[in-house]
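[1] here's a sequence, model it:
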Amino acid sequence: MKLVPLLCERARRWASLRIDRELSELESALLDNHLGRCRSCRAFACGIEDVATALAAARLERPAPLALVLPARRRAGAWLQSAAVSGLVVVAGVAALVVAGHGPAPPAIKPIAMVQAIDTPNELRALRRAELIDEGHPVPRNRQDPGESY
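    Numbers count the residues shown, from 1 in each chain. Below is the predicted model:
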(Lines give C-alpha, C1' and ligand atoms only; values in the text may rest on other atoms or scores of the structure.)
Protein backbone atom coordinates (compact mmCIF):
# COMPACT_ATOMS: atom_id res chain seq x y z
CA MET A 1 0.00 0.00 0.00
CA LYS A 2 1.45 3.36 -1.03
CA LEU A 3 1.31 6.12 1.55
CA VAL A 4 0.17 9.52 0.31
CA PRO A 5 1.95 12.53 1.86
CA LEU A 6 -0.17 14.92 3.91
CA LEU A 7 0.13 17.70 1.32
CA CYS A 8 -1.14 15.34 -1.36
CA GLU A 9 -4.05 14.23 0.84
CA ARG A 10 -5.01 17.87 1.36
CA ALA A 11 -4.65 18.63 -2.35
CA ARG A 12 -6.87 15.71 -3.32
CA ARG A 13 -9.51 16.76 -0.79
CA TRP A 14 -9.37 20.30 -2.20
CA ALA A 15 -9.61 18.98 -5.78
CA SER A 16 -12.83 17.22 -4.80
CA LEU A 17 -14.17 20.37 -3.14
CA ARG A 18 -13.29 22.45 -6.21
CA ILE A 19 -15.56 20.30 -8.38
CA ASP A 20 -18.47 21.14 -6.07
CA ARG A 21 -17.46 24.83 -6.06
CA GLU A 22 -16.80 24.72 -2.32
CA LEU A 23 -13.17 25.86 -2.37
CA SER A 24 -12.03 29.33 -1.29
CA GLU A 25 -9.79 31.46 -3.51
CA LEU A 26 -6.80 30.91 -1.24
CA GLU A 27 -7.28 27.15 -1.17
CA SER A 28 -7.75 27.15 -4.93
CA ALA A 29 -4.48 29.04 -5.43
CA LEU A 30 -2.66 26.65 -3.09
CA LEU A 31 -4.16 23.70 -4.96
CA ASP A 32 -3.04 25.11 -8.33
CA ASN A 33 0.46 25.56 -6.92
CA HIS A 34 0.54 21.95 -5.68
CA LEU A 35 -0.88 20.57 -8.94
CA GLY A 36 1.81 22.45 -10.85
CA ARG A 37 4.52 20.39 -9.18
CA CYS A 38 2.83 17.07 -8.30
CA ARG A 39 2.08 14.77 -11.22
CA SER A 40 0.07 12.17 -9.25
CA CYS A 41 -2.26 14.80 -7.73
CA ARG A 42 -2.68 16.42 -11.15
CA ALA A 43 -3.73 13.01 -12.57
CA PHE A 44 -6.10 12.50 -9.63
CA ALA A 45 -7.69 15.94 -10.16
CA CYS A 46 -8.15 15.30 -13.89
CA GLY A 47 -9.64 11.88 -13.14
CA ILE A 48 -12.25 13.14 -10.70
CA GLU A 49 -13.14 16.01 -13.06
CA ASP A 50 -13.76 13.45 -15.82
CA VAL A 51 -15.94 11.36 -13.51
CA ALA A 52 -17.93 14.42 -12.40
CA THR A 53 -18.42 15.50 -16.03
CA ALA A 54 -19.58 12.00 -17.02
CA LEU A 55 -22.01 11.86 -14.09
CA ALA A 56 -23.42 15.29 -14.91
CA ALA A 57 -23.95 14.28 -18.54
CA ALA A 58 -25.53 10.90 -17.73
CA ARG A 59 -29.22 10.51 -18.33
CA LEU A 60 -31.31 9.79 -15.26
CA GLU A 61 -33.17 6.50 -15.38
CA ARG A 62 -36.23 5.57 -13.40
CA PRO A 63 -36.25 2.06 -11.95
CA ALA A 64 -38.95 -0.26 -13.19
CA PRO A 65 -41.80 -0.70 -10.70
CA LEU A 66 -41.57 -3.89 -8.69
CA ALA A 67 -44.38 -6.29 -9.53
CA LEU A 68 -45.04 -9.12 -7.10
CA VAL A 69 -47.13 -11.90 -8.59
CA LEU A 70 -48.10 -14.87 -6.48
CA PRO A 71 -49.18 -18.03 -8.27
CA ALA A 72 -52.84 -18.96 -7.89
CA ARG A 73 -53.46 -22.19 -6.04
CA ARG A 74 -56.65 -24.18 -6.11
CA ARG A 75 -56.32 -26.15 -2.91
CA ALA A 76 -57.88 -25.32 0.42
CA GLY A 77 -55.90 -22.96 2.59
CA ALA A 78 -54.13 -21.38 -0.39
CA TRP A 79 -55.42 -17.97 0.65
CA LEU A 80 -53.76 -18.47 4.04
CA GLN A 81 -50.46 -19.32 2.42
CA SER A 82 -50.73 -16.29 0.10
CA ALA A 83 -51.50 -14.04 3.06
CA ALA A 84 -48.48 -15.40 4.96
CA VAL A 85 -46.17 -14.83 1.99
CA SER A 86 -47.56 -11.33 1.51
CA GLY A 87 -47.04 -10.59 5.19
CA LEU A 88 -43.44 -11.80 5.03
CA VAL A 89 -42.79 -9.60 1.99
CA VAL A 90 -44.20 -6.58 3.82
CA VAL A 91 -42.17 -7.32 6.97
CA ALA A 92 -38.98 -7.79 4.93
CA GLY A 93 -39.61 -4.53 3.09
CA VAL A 94 -40.21 -2.59 6.28
CA ALA A 95 -37.12 -4.13 7.88
CA ALA A 96 -35.03 -3.17 4.85
CA LEU A 97 -36.30 0.40 5.04
CA VAL A 98 -35.57 0.61 8.75
CA VAL A 99 -32.05 -0.79 8.36
CA ALA A 100 -31.26 1.39 5.31
CA GLY A 101 -32.74 4.56 6.75
CA HIS A 102 -31.24 4.51 10.21
CA GLY A 103 -27.66 4.27 11.35
CA PRO A 104 -26.58 3.50 14.86
CA ALA A 105 -28.56 5.03 17.68
CA PRO A 106 -27.47 8.55 18.58
CA PRO A 107 -25.45 8.82 21.76
CA ALA A 108 -27.31 9.66 24.93
CA ILE A 109 -27.40 13.36 25.66
CA LYS A 110 -25.40 14.22 28.75
CA PRO A 111 -26.67 17.18 30.77
CA ILE A 112 -24.21 20.03 31.08
CA ALA A 113 -23.93 22.90 33.52
CA MET A 114 -24.49 26.41 32.23
CA VAL A 115 -21.61 28.72 33.06
CA GLN A 116 -21.75 32.47 33.38
CA ALA A 117 -18.91 34.61 32.11
CA ILE A 118 -18.23 35.91 35.61
CA ASP A 119 -17.69 32.46 37.19
CA THR A 120 -14.35 32.10 38.88
CA PRO A 121 -12.10 29.05 38.43
CA ASN A 122 -12.98 27.89 41.94
CA GLU A 123 -16.70 28.01 41.15
CA LEU A 124 -16.07 25.99 37.98
CA ARG A 125 -14.08 23.42 39.99
CA ALA A 126 -16.96 23.12 42.43
CA LEU A 127 -19.34 22.36 39.53
CA ARG A 128 -16.99 19.69 38.19
CA ARG A 129 -16.55 18.12 41.64
CA ALA A 130 -20.30 17.87 42.11
CA GLU A 131 -20.63 16.17 38.72
CA LEU A 132 -17.85 13.68 39.54
CA ILE A 133 -19.38 12.85 42.90
CA ASP A 134 -22.77 12.21 41.25
CA GLU A 135 -21.12 9.84 38.76
CA GLY A 136 -19.20 7.98 41.46
CA HIS A 137 -15.72 9.00 40.25
CA PRO A 138 -12.88 9.96 42.58
CA VAL A 139 -12.65 13.70 43.03
CA PRO A 140 -9.38 15.27 41.78
CA ARG A 141 -7.40 17.21 44.34
CA ASN A 142 -7.45 20.98 44.21
CA ARG A 143 -3.84 22.05 43.83
CA GLN A 144 -4.64 25.55 45.05
CA ASP A 145 -5.63 24.46 48.55
CA PRO A 146 -2.80 25.67 50.84
CA GLY A 147 -3.23 22.91 53.43
CA GLU A 148 -2.54 19.95 51.14
CA SER A 149 0.87 18.43 50.53
CA TYR A 150 1.96 16.73 47.36
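[2] what about residue 14, neighbour count?
    21 (other Cβ atoms under 10 Å). Where C-beta positions appear, they are placed from N, C-alpha and C, glycine not excepted.
[3] wait, residue 19 sits on residue 49?
    Yes. Counting by Cβ atoms under 8 Å, residue 49 is a contact partner of residue 19 at 6.3 Å.
[4] quick check: which ranges of the protein have low pLDDT?
    Low-confidence segments of the chain (pLDDT under 70): 1-3, 71-80, 97-124, 127-150.
[5] which parts of it are strands?
    Applying DSSP state E to the chain gives no strands.
[6] just the helices in it please.
    Counting by DSSP state H, the chain has helices at residues 6-19, 25-37, 39-57, 78-101, 121-135.
[7] which of the ones you listed sits closest to residue 63?
    Ranking those by proximity to residue 63 (Cβ to Cβ) places helix 78-101 first, at 14.8 Å.
[8] next up, the contacts around the closest residue to residue 34 other than its chain neighbours.
    Spatial nearest neighbour of residue 34, excluding adjacent residues (Cβ to Cβ, 6 or more residues apart in numbering): residue 11 at 4.4 Å. Contacts for residue 11 (Cβ atoms under 8 Å, 6 or more residues apart in numbering) come out as 31, 34-35, 38, 41, 45.
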